[in-house]
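Peer 1: Okay, predicted coordinates and the sequence, questions at the end:
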Number of protein chains: 2
Amino acid sequence: MADKVTITDVARAAGVSRQTVSNTLNSPEVVREETRRHVLEVIERLGYRANQAARQMRTGRSRLIAIRIDPGGDGISGSVLDRFLHGLTETAAHEGYRVLLYTAADDRAEIATFEDLLGSYKPDAFVLTATHHDDIRTSWLLERGLPFVAFGRPWSHLPDARHPWVDVDGASGTEAATRHLLAAGHRRIGFIGWPSGSGVGDDRRAGWARTLTALGSETGGAGDLDALLRSVEDGIESGQSAARDLLRTAAPTALVCASDSLALGALQAARSHEGGRPVAVIGFDDTPAATAAGLTSVHQPLAEAAAACVDLLARTLENPDAMRSPGAESSPSEQAHVLLPPSLTIRQSA
Amino acid sequence: MADKVTITDVARAAGVSRQTVSNTLNSPEVVREETRRHVLEVIERLGYRANQAARQMRTGRSRLIAIRIDPGGDGISGSVLDRFLHGLTETAAHEGYRVLLYTAADDRAEIATFEDLLGSYKPDAFVLTATHHDDIRTSWLLERGLPFVAFGRPWSHLPDARHPWVDVDGASGTEAATRHLLAAGHRRIGFIGWPSGSGVGDDRRAGWARTLTALGSETGGAGDLDALLRSVEDGIESGQSAARDLLRTAAPTALVCASDSLALGALQAARSHEGGRPVAVIGFDDTPAATAAGLTSVHQPLAEAAAACVDLLARTLENPDAMRSPGAESSPSEQAHVLLPPSLTIRQSA
DNA sequence: TCATTTACTTTGAACGATCAAATCATGCCC
DNA sequence: GGGCATGATTTGATCGTTCAAAGTAAATGA
């Protein structure tokens, strides 16, 4: 109840008109310095806050950013989105935006939610996660010229997949992991990843592969990458059996994995594996489970990624024309994007 | 752009007035059946959606529920809020509400955010998490008659701590864990918890204590509970050392822990402990790390808890008077609340 | 001196919905 | 057939803000 201060109340108390108060906040340059200061003082004193609903009615902008929240995923990697979300909320608040949540069972349902939200709360932008090949969500949004940023690269290079994005360089992460193992003296380094086709998985595998290939061409002996590679569905179980198989047939002394789930399984296999030196294992995502298990893992800078998303959006929303021309590619250059390097969190396992 | 359908468009297309369209949606009973059907059809055909901003302007209700999101916490238990949040978003959507996020460094900052949000986006209600003794947030909200629900009991019984809440019965969880161990033949069951004073921690300890006490009075030999109890700060490390200490001095054959973090530490201590039968360990929260480690753990029904929160709020918001009288306790009964029983997820560790 | 510019400030109008009150039919009863 | 309750629908007014246009006063120029 304490809050019922309208712009008119401020205007009256300051002895000016509504519009002058509005201008003090939105276009300070047109208000005389003295007036401006006085109005600001009154605003402060009365604790005035612009009513967003009324503002939105007039301007059409809600200062809301919508993002989908998924149920923890496989569980292990659930907290990744959690941390991203925290960063997003925090950065958004700094820029004057708030984060609105929604859920959706699949991409089609998500588009239905887009329609619903755009009709009711009218968020200024969406943040998409888990983008993939032939993502119908991105094309739907692009067709309508609706602002959005994807956390994750567009894995297709089709022209209709051009949109702003922020991502973490997975290949660079697995490369760092592999180099770390090389530096520790390992030479036979295996990789447990996911079946080809997922952009994220292929990316992470590539970092490992290119590092070993580079080593091979340096030292002469290239090594048989295929023998050191296993591709399985994500999960602790499958990580364990893949690792067991790999250890038996290819005798690696270290393993890089595409996820912490796989790595945790691999860690179990490595521990029950008899051999001289213990087999080193590195995971990906630096999840709490990795902390708990003492698993060395590739850490994603999620707060930075979230901040980059908000920055890209804020910039897009300032120049409304930037995105509003779906057909006509305004600039021949690539869409705005940010690719962040991950870091390696070193623990006992490697 | 496809969305610019206003209530006037619908009215024109249906050959009725604005208000009749509004009534079909908000007070269907006053509209003639035939008209209602026709209007609904037109609404469907045009894809009309009520503009929330305009609605809020008139009604003062935003259909937004605000909740604070924390950075993953200690990491391990981070995903608990994650799952709760998902449930909240989903249930809220069913009831026609959306979830708005915010962050805050501490309780004082959170109150500042309350003021900010109430002045701008005007959420209809707040969901508080991690309530504690002498929580200034609850009293602040109560004083102003602002609707909210706490996920977590008011741990104080002061009259100014009376508010609706939803919680999971921690004592019942540790009781179930203890009974499970008793059924497996264990008799010396230790407990690793947090220092007294935190409501949650005391509650979880109580479930273990009362179960063993009940057993004692049945069998005659009560046993020395204090010797089997350790109270330490949360964390894997401290769990490990507490467990090591407990195993050495009190020789328990099983351990119940107040969190998965503690339990993971205890599990490590238990594994490196030589003795006949392996020491059983049970954790609390059923986090992904527990899944990964094969840790038996007490599982909180977070989706149900979230649904209960939304239900309580929705009910409160229907009768605006229920909460709006801060001083005058409208009914002498306790505030509305829901206490949910957790369940035990059994894995290898016990 | 009077028109013209410059620098601020104020005045209606509008955004899209709902509330409250007014209007318009109908049917019923005496 | 007139009076009247009842049901169904319509008509202004309003929520708080910003846009666009209009107003005012002082400063400038011829």
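Peer 2: Nice, thanks for sending it over.
Peer 1: For chain A, which residues are neighbours of DNA strand C?
Peer 2: Applying C-beta under 7 Å from any atom of the strand, we find that chain A lies next to DNA strand C at A:15-20, A:23, A:30-36, A:54, A:57-58. Any C-beta I mention is one placed from the backbone N, CA and C, and that applies to glycine too.
Peer 1: Return only those of the residues you listed found close to chain B.
Peer 2: Contacts with chain B within the residues of chain A next to DNA strand C, as defined by C-beta under 8 Å from any C-beta of the partner chain: A:54, A:57.
Peer 1: Of the residues of chain A next to DNA strand C, keep whichever come out buried.
Peer 2: Applying 16 or more other C-beta atoms under 10 Å in any protein chain shown to those, the neighbour count classes A:16, A:20, A:23, A:31, A:35-36 as buried.
Peer 1: which one among the residues you listed gets closest to chain B?
Peer 2: For those, the residue nearest chain B by C-beta to the nearest C-beta is A:Asn23; the value is 18.7 Å.
Peer 1: Quick check: closest non-adjacent residue to the closest one.
Peer 2: Leaving out its chain neighbours, the residue that sits closest to A:Asn23 by C-beta to C-beta, 6 or more residues apart in numbering or on different chains is A:Val31, at 5.0 Å.
Peer 1: The one you found: what's it in contact with?
Peer 2: A:20, A:23-24, A:39 (C-beta atoms under 8 Å, 6 or more residues apart in numbering or on different chains).
Peer 1: Most widely separated two among the residues you listed?
Peer 2: Maximum pairwise distance among these (C-beta to C-beta): 8.7 Å, between A:Asn23 and A:Val39.
Peer 1: In strands only, show me the residues of chain A next to DNA strand C.
Peer 2: Per DSSP state E, strands hold no members of these.
Peer 1: and the closest residue to chain B within the stretch 101-250 of chain A, what is it in contact with?
Peer 2: Of all residues in the stretch 101-250 of chain A, A:Gly119 sits closest to chain B, at 2.7 Å by C-beta to the nearest C-beta. Neighbour list for A:Gly119: B:3, B:5, B:47-51 [criterion: C-beta under 8 Å, 6+ apart].
Peer 1: can you put those in a markdown table and add secondary structure?
Peer 2: Below are those laid out as a markdown table (DSSP: H, G, I helix; E, B strand; the rest coil):
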| residue | secondary structure |
| --- | --- |
| B:Asp3 | coil |
| B:Val5 | coil |
| B:Gly47 | coil |
| B:Tyr48 | coil |
| B:Arg49 | coil |
| B:Ala50 | coil |
| B:Asn51 | coil |
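Peer 1: on that earlier part again, looking at the residue of the stretch 101-250 of chain A closest to chain B now. What's its pLDDT?
Peer 2: For A:Gly119, the pLDDT comes out at 93.
Peer 1: part of a strand, is it?
Peer 2: No - going by three-state DSSP, the assignment for A:Gly119 is helix, not a strand.
Peer 1: got the contact list for the residue nearest the centre of chain A?
Peer 2: Most central in chain A under C-alpha atoms, centre = their mean is A:Phe151, positioned 3.8 Å from the mean C-alpha point. By C-beta under 8 Å, 6+ apart, the contact set of A:Phe151 is A:84, A:127-129, A:131, A:165-167, A:305-306, A:309.
Peer 1: Those in helices, which ones?
Peer 2: Mapping the contacts of A:Phe151 onto helices (DSSP state H) picks out A:84, A:305-306, A:309.
Peer 1: By neighbours, which of those wins?
Peer 2: Tallying neighbours with other C-beta atoms under 10 Å in any protein chain shown puts A:Cys309 at the head of the ones in helices among the contacts of A:Phe151, with 29 neighbours.
Peer 1: what is the residue nearest to the centre of chain A paired to in the beta sheet?
Peer 2: A:Thr129, A:Val166 (DSSP bridges).
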